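Visitor: Compute the structure for the input listed below.
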Amino acid sequence: MNCNVFACVKTTERAAGQLAPNKALAAMLVCSVVWVSGCMADRGLSLVDYDAISASAPPKALEGLWAGPHADGELFVEIFSDGGVRTCLSAPPYHQQLAGKYSDQALYLEDGTRIEIEARETHIINIFSPPGRPAATLVSDADDPDAQRCFANSVS
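Guide: Residues are numbered from 1 along each chain as shown. Okay, here's the model as predicted:
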């Protein structure tokens, strides 16, 4: 279930502008029911309170820049020694950057996403979107010029 509250709000706003008041109210009600039933049931597994998460130092093996294919583009994840994280999804001309935190073998992004990390080999990690759905395999890539371009050209 996609728990994107903002998409739900945008859909409701469009409905309110284009539909009669009764239909707009019905769209709001349906959207609210879908959000409550789909998102609140698994809130612990997907959306998190980003401000409530404290970053912790990752294992040395996870520090650095990671890259791999994801969602018809390339995903870059940089994990810093203090537990700070920055991500960038590059699917030119689109570049989207999110800040994050490392804590308890997971990445917590500012949009509420929680991504689990599993080290596969010395320079390879798998990331999962709960509940355990594989999202991408990333490789250690310290000086990837595409990553620098993505971070420089992204919208935060």
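Visitor: Tell me where the chain is predicted with low confidence.
Guide: The chain contains residues with pLDDT under 70 at 1-46, 131-132, 156.
Visitor: Can you check which strand is longest in it?
Guide: Using DSSP state E, we find that the single longest strand of the chain is strand 94-103.
Visitor: What ranges does this protein have for its strands?
Guide: Going by DSSP E, the chain shows strands at 64-70, 73-79, 84-91, 94-103, 106-109, 114-121, 124-129, 133-140.
Visitor: which residues are in contact with the last one?
Guide: Under the criterion C-beta atoms under 8 Å, 6 or more residues apart in numbering, residues 64-70, 75, 77, 115, 120, 123-129 lie in contact with strand 133-140. Using the backbone N, CA and C atoms, a C-beta is placed for each residue, glycine as well.
Visitor: Also the fifth one?
Guide: Counting by C-beta under 8 Å, 6+ apart, strand 106-109 makes contact with 48, 50, 53, 77, 79, 85, 87, 98-102, 114-117, 127, all of which sit outside it.
Visitor: Can you say which of those are buried?
Guide: 48, 50, 53, 77, 79, 85, 87, 98, 100-102, 114-117, 127 (16 or more other C-beta atoms under 10 Å).
Visitor: Let me know the closest of these to residue 144.
Guide: residue 77 (11.2 Å; C-beta to C-beta).
Visitor: tell me the domain boundaries of this protein?
Guide: Annotated domains of the chain cover 5-40, 50-153 [automatic domain parsing].
Visitor: so what's residue 154 up against?
Guide: So residue 154 contacts 88, 90, 95-97 (C-beta under 8 Å, 6+ apart).
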